[in-house]
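S.K.: Sequence and predicted structure are below.
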Amino acid sequence: MSSRVHSRYQRWLADHAISGREVIIRLLVRRFRCLNAGCPRRIFAEQVDGLAQRYQRRNPLLATLPIKVRLAHDGRVGARMTRHLAAQVSRSTLLRLSR
C-alpha cells in the first residue's frame, strides 16, 4: 500500500457486447511509488480485481470466449464467428490461444 502517486496512464479493455455492439472500458490507472526503502519494487500500478489482469486487453470473461470458439471451429470460421459476436479476434490469435 502506498499513497504516493507517481503517474497515471489509460488502459482500454474489451468487454462483452451489449445488444450486438462492442463495449470498450476505459480505465485511468494510477502508478504508485513505494515508500519502503527495502522494497525491491520501486513503482507499481494499481490492479482492478475481476475486471483486468496484467497485460490483458480483454476482461477475464471475454478472454475465455475466443478459446471456446477455437475449440469448436478452425481459424477462419472462428474469426468470422467472433465478428458476429462483436468480439472480433483474428484467426492468428485464435490459433495462438489454442496452443
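M.R.: Nice, I can see it.
S.K.: which residues of the chain fall in helices?
M.R.: 60-72, 75-84, 91-98 (DSSP state H).
S.K.: Distance of His16 relative to Glu22?
M.R.: 9 Å (C-beta to C-beta, to the nearest Å). In this view, the C-beta of every residue, glycine as well, is placed from N, C-alpha and C.
S.K.: Ok, Ser2 next?
M.R.: Taking C-beta to C-beta, one finds Ser2 at 35 Å from Glu22.
S.K.: Over to Trp12?
M.R.: For Trp12 relative to Glu22 (C-beta to C-beta), the value is 11 Å.
S.K.: How about Val77?
M.R.: Using C-beta to C-beta, Val77 is found at 20 Å from Glu22.
S.K.: that older thread, so for Ser2 and Glu22, which residue has more residues nearby?
M.R.: For Ser2 versus Glu22, neighbours defined as other C-beta atoms under 10 Å are more numerous around Ser2 (16 against 13).
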